[in-house]
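*Asks:* Sharing a model prediction with you, sequence too.
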Amino acid sequence: MQTVMPSSAQERRRHERFPQVLEIHARSLLSGRTAGALPKEFEGRIHNLSNGGICILSSTPLQADTFVTCNLPVLDIPVSIPTIMQVRWTTKQGNKSRSYISGLQFVA
């Protein structure tokens, strides 16, 4: 019997990911790192979500450790859930596009 070892990305994940395609509007909150800067609003598309957070695609690079607020849409009803999240990482997608993928963790 052959044993399949999980990849390092799977080992780090605490929660199962669920693919989604939902549009969101978010705003960066002021923090010690961004003192003096105005909160920055941006649009994004949820790529997947879990009990721990979301992964979004956007045209805006997000600074790690920044806190953001957004309203997560609920499918098939005109309700959204206000949330505060912390940006854990951001990576540029491809060499030429202005597209970024970011991992945001729910703040408990």
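*Replies:* All right, it came through fine.
*Asks:* Paired strands for the helix or strand harbouring residue 43, with orientation please.
*Replies:* Using DSSP states H and E, residue 43 maps to strand 41-49. Here strand 41-49 is paired, per DSSP bridges, with strand 18-28 (antiparallel), strand 53-58 (antiparallel).
*Asks:* What lies in contact with that strand?
*Replies:* Residues outside strand 41-49 that contact it (Cβ atoms under 8 Å, 6 or more residues apart in numbering): 17-28, 54-60, 62, 72, 101-102. To be clear about C-beta, it is placed using only N, CA and C from the backbone, and glycine gets the same treatment.
*Asks:* Pull out the buried residues from those.
*Replies:* Among the contacts of strand 41-49, those buried by neighbour count (16 or more other Cβ atoms under 10 Å) are 17, 22, 24, 26, 28, 54-56, 58, 60, 62, 72, 101-102.
*Asks:* Taking those residues, tell me the two that lie furthest apart.
*Replies:* Spatial extent of the buried ones among the contacts of strand 41-49 (Cβ to Cβ) is set by the pair 17 and 28 at 23.8 Å.
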